[in-house]
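Q: Fold the following, please.
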Amino acid sequence: MEDHSVGPLLRELPRERAQEGFTARVMLRLDAPSEPKRWLQPRLVLATAALAAVVASAGILQVHAGRQEALRTAEARKMLRELRSEHDSLKQELQTLSQPPVVYVGGDDEVDLVVDLSRVRSARF
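A: Numbers count the residues shown, from 1 in each chain. Below is the predicted model:
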């Protein structure tokens, strides 16, 4: 429907009339002293309570996050101690292996032949 055809249709509608005494009632309300807005206080209390709940929730979440961080830190330190212990044992084992080895050459039920390579001179070909 086009805009220029809406005007005549609106003019065809019956006109609304205000109830009797409407103007007088409006004027009395405008002249009357304004009442204090008592609805504001309950809203203020509700808003304050909501704000307190949000602040308390944020505090609880922060404490919870701090505890989680402390647990993760403790677990990381434990893993670091375990890794250092494993490193030390591997280091000792490497030192033991880097010593000149003793080689089992053979033997029988009565004799075992073992050569200490630290006592063997380097052979040059």
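
Q: distance between the lengthiest helix in the chain and the chain's centre?
A: In the chain, with assignment by DSSP state H, the single longest helix is helix 40-98. Its chain's C-alpha centre and that of helix 40-98 lie 11 Å apart, by C-alpha atoms, centre = their mean, to the nearest Å.

Q: From Glu93, how far out is Asp116?
A: Computed as C-beta to C-beta, to the nearest Å, the Asp116 to Glu93 distance reads 20 Å. (C-beta placed from N, C-alpha, C; glycine too.)

Q: cool, and Pro33?
A: The separation that Pro33 has from Glu93, given C-beta to C-beta, amounts to 96 Å.

Q: ok, those two, which is more surrounded?
A: Comparing Pro33 with Glu93 by other C-beta atoms under 10 Å, the one with more neighbours is Glu93, at 10 against 4.

Q: farthest residue from the center of the protein?
A: Ranking residues of the chain by C-alpha distance from their mean position (C-alpha atoms, centre = their mean) puts Glu110 at the top, at 71.2 Å.

Q: That one belongs to a helix?
A: No: going by DSSP: H, G, I helix; E, B strand; the rest coil, the assignment for Glu110 is coil, not a helix.

Q: which ones are touching it?
A: Residues near Glu110 by C-beta atoms under 8 Å, 6 or more residues apart in numbering: none.

Q: Retrieve the pLDDT associated with it.
A: pLDDT, Glu110: 91.
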